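Enquirer: Return atomic coordinates for the entry below.
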Amino acid sequence: MKKYESEIEDQMRLFYQSLSEKDRRRYAGIEAARLGHGGVTYVAGVLGCDANTIRRGEVDIAQLPFDEADGRVRKKGGTSVLSC
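Expert: This next block holds a predicted model:
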């Protein structure tokens, strides 16, 4: 697996931090899938997130366009509801 240059990793971290929780999972999932074998571990290290978060993002992406939390940051029962 080819790794990104440190400049790109820095940009990825900045972008990741600007996203909502749901979008962070999805972004990490897309990046990991794009890299292929070893991508989950690598992206988790770059972004400082758990590998299970990335796997959840991959599941979220696979379920699109269905999104039970469409237009919301958290699912029903969560403590924070924001619309974009």
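Enquirer: How about Val43, nearest residue that isn't a chain neighbour?
Expert: With C-beta to C-beta, 6 or more residues apart in numbering as the criterion, Val43 has its nearest non-adjacent residue at 4.5 Å, and that residue is Ala32. All C-beta atoms are positioned from the backbone trio N, CA, C, and that covers glycine.
Enquirer: chain center to the longest helix along the chain, what's the gap?
Expert: Scanning the chain for the helix with the most residues, using DSSP state H, yields helix 21-35. Distance of helix 21-35 from the chain centroid (C-alpha atoms, centre = their mean, to the nearest Å) equals 3 Å.
Enquirer: again with stretch 21-40
Expert: Offset of stretch 21-40 from its chain centre (C-alpha atoms, centre = their mean): 6 Å.
Enquirer: for it, which positions count as buried?
Expert: 22-33, 35, 39-40 (16 or more other C-beta atoms under 10 Å).
Enquirer: Going by distance to Glu58, which of those residues wins?
Expert: Gly29 (4.0 Å; C-beta to C-beta).
Enquirer: give the contact list for that closest one.
Expert: Ile54, Arg55, Arg56, Gly57, Glu58, Val59, Asp60, Ile61 (C-beta atoms under 8 Å, 6 or more residues apart in numbering).
Enquirer: Which entries within the residues you listed meet the buried criterion?
Expert: Buried among the contacts of Gly29 by 16+ other C-beta under 10 Å: Ile54, Arg55, Arg56, Gly57, Glu58, Asp60.
Enquirer: and the two most separated of the buried residues of stretch 21-40?
Expert: For the buried residues of stretch 21-40, the farthest-apart pair by C-beta to C-beta is Lys22 and Leu35; their separation is 21.1 Å.
Enquirer: Just the element for Ala44, please.
Expert: Counting by DSSP states H and E, the element that carries Ala44 is helix 39-47.
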